[in-house]
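Chemist: Provided below for reference: sequence and predicted model.
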Amino acid sequence: MERKLGVNTWIWTSPLRDDDVPELAAHVASLGFDAIELPLENLGDWDPKRTAGVLAKHSLAPVLIGAMSPGRNLVSAPDTEIAATQTYLRGLIDAAAALGASTIAGPFYAATGRTWSMNEVHRRATYTQLRENLAPLVDHAASKGVMLAIEPLNRYETSLINTVDQAFDALEPLLGPGLGIALDSYHLNIEEQDIAAAVARATGHIAHVQVCGNDRGTVGADHFDWHGFIRALDLAGYDGPLCVESFTPENASIAVAASIWRPLASSQDALAADSLGYLRNLQAGGLR
């Protein structure tokens, strides 16, 4: 299956601003990508309608990415914090509609890096609270023709949803037109005992897929079973984009949040371009 291949602007900068969009969009297109992931870390960082025009000039399909920074929580938090998080996520949905993006991906349940111990009773209650606080947002997304794609993260970044099975435990009653699951090869590699089985489990609900090397670096320059992963996505019928997500070590806050302590490639451009080349060859059946 031939999918669009995209890249996240976090590879080069954070936070993304209006002034960054024209240059980065042109650069991403010049590298040969078909799609672009645009993080909206805070509402107002960049203008969705203006950005839609820029992307159209370069024939880049947009995916909106949300950031669950400290204080953004839909569970086990003060009511004011939950309400503010809902306001942020509602703003993301509206921004996606203005941008022309059909998908918003991210770990939309708790602040990234927030972990706490839960017994089974506590976990069930927390999942119930998550569904209650997500439900109006899922309805809003569906009304706008947008899908929230909720991403399981590894155990070091969250204690709430680490696996596809846990995503179903937490979200299954809400899965549908406004809500799906985002898969990220980095987190799958850490948490899933059988990655192909996890992809198969998500069949029908895979809303977005992000990829990078198992060290957060270049796709293909690692030990991940890319052939098996692509075949699993084929069997699951996923025909959306594959988007390379990594991070710049030059931004201190994002480097700490993503635990980027060393360069992951000879340059950020090389990380993006080499990943693209590998994925293009892989999808064309040229790598065995």
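Modeler: Received, thanks.

Chemist: From here on, just use CA atoms for contacts and neighbour counts.
Modeler: OK.

Chemist: The helix or strand where residue 62 lies pairs with which strands?
Modeler: Assigned by DSSP states H and E, residue 62 belongs to strand 61-66. With DSSP bridges as the test, strand 61-66 is paired with strand 35-40 (parallel), strand 103-106 (parallel).

Chemist: winner for burial among those?
Modeler: strand 103-106 (a mean of 26; mean count of other Cα atoms under 10 Å).

Chemist: quick one: the residue lying closest to residue 137 once chain neighbours are set aside and residue 162, what's the gap?
Modeler: Leaving aside its chain neighbours, residue 137 sits nearest to residue 90 (6.4 Å; criterion: Cα to Cα, 6 or more residues apart in numbering). Separation of residue 90 from residue 162 (Cα to Cα, to the nearest Å): 24 Å.

Chemist: Of the two, which one has the most company?
Modeler: It is residue 162, of residue 90 and residue 162, that has more neighbours when counted by other Cα atoms under 10 Å, with 21 against 17.

Chemist: Roughly how far does that one sit from residue 211?
Modeler: The spacing between residue 162 and residue 211, counted by Cα to Cα, is 16 Å.

Chemist: Also residue 168?
Modeler: 21 Å.

Chemist: of these two, who's got more company?
Modeler: residue 211 (25 against 18).

Chemist: can you list the weak-confidence ranges in the protein?
Modeler: By pLDDT under 70, the low-scoring segments of the chain are 286-288.

Chemist: which stretches of it form strands?
Modeler: 5-8, 35-40, 61-66, 103-106, 147-150, 179-184, 206-211, 242-244 (DSSP state E).

Chemist: CSV for those, including distance to residue 199?
Modeler: Listed next are those as CSV, based on distance: least, Cα to Cα, whole Å:
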stretch, distance to residue 199
strand 5-8, 19
strand 35-40, 21
strand 61-66, 21
strand 103-106, 17
strand 147-150, 14
strand 179-184, 8
strand 206-211, 8
strand 242-244, 14
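
Chemist: For the stretch 1-150 of the chain, just list every one of the helices.
Modeler: 21-31, 48-57, 79-99, 120-143 (DSSP state H, counting those that start in this stretch).

Chemist: How much space separates the most far-flung residue of the chain relative to its centre from residue 127?
Modeler: Among residues of the chain, the one most distant from the C-alpha centroid is residue 121; the distance is 28.9 Å, by Cα atoms, centre = their mean. As for residue 121, its distance to residue 127 is 10 Å (criterion: Cα to Cα).

Chemist: same deal with residue 53?
Modeler: Taking Cα to Cα, one finds residue 53 at 39 Å from residue 127.

Chemist: between these two, who's got more neighbours?
Modeler: Just comparing residue 53 and residue 127: by other Cα under 10 Å the higher neighbour count belongs to residue 127, 20 against 13.

Chemist: list the contacts for the more buried one?
Modeler: 169, 170, 171 (Cα atoms under 8 Å, 6 or more residues apart in numbering).

Chemist: With residue 233 instead?
Modeler: Counted by Cα under 8 Å, 6+ apart, residue 233 has contacts 199, 200.

Chemist: just the one 4 residues further on next, same as before
Modeler: With contact taken as Cα under 8 Å, 6+ apart, residue 237 is in contact with 203, 204.

Chemist: Equivalent analysis for residue 62, please.
Modeler: 35, 36, 37, 38, 55, 99, 100, 101.

Chemist: Grab the nearest non-local neighbour of residue 185.
Modeler: Distance criterion Cα to Cα, 6+ apart; nearest residue to residue 185, sequence neighbours excluded, is residue 211 at 5.1 Å.
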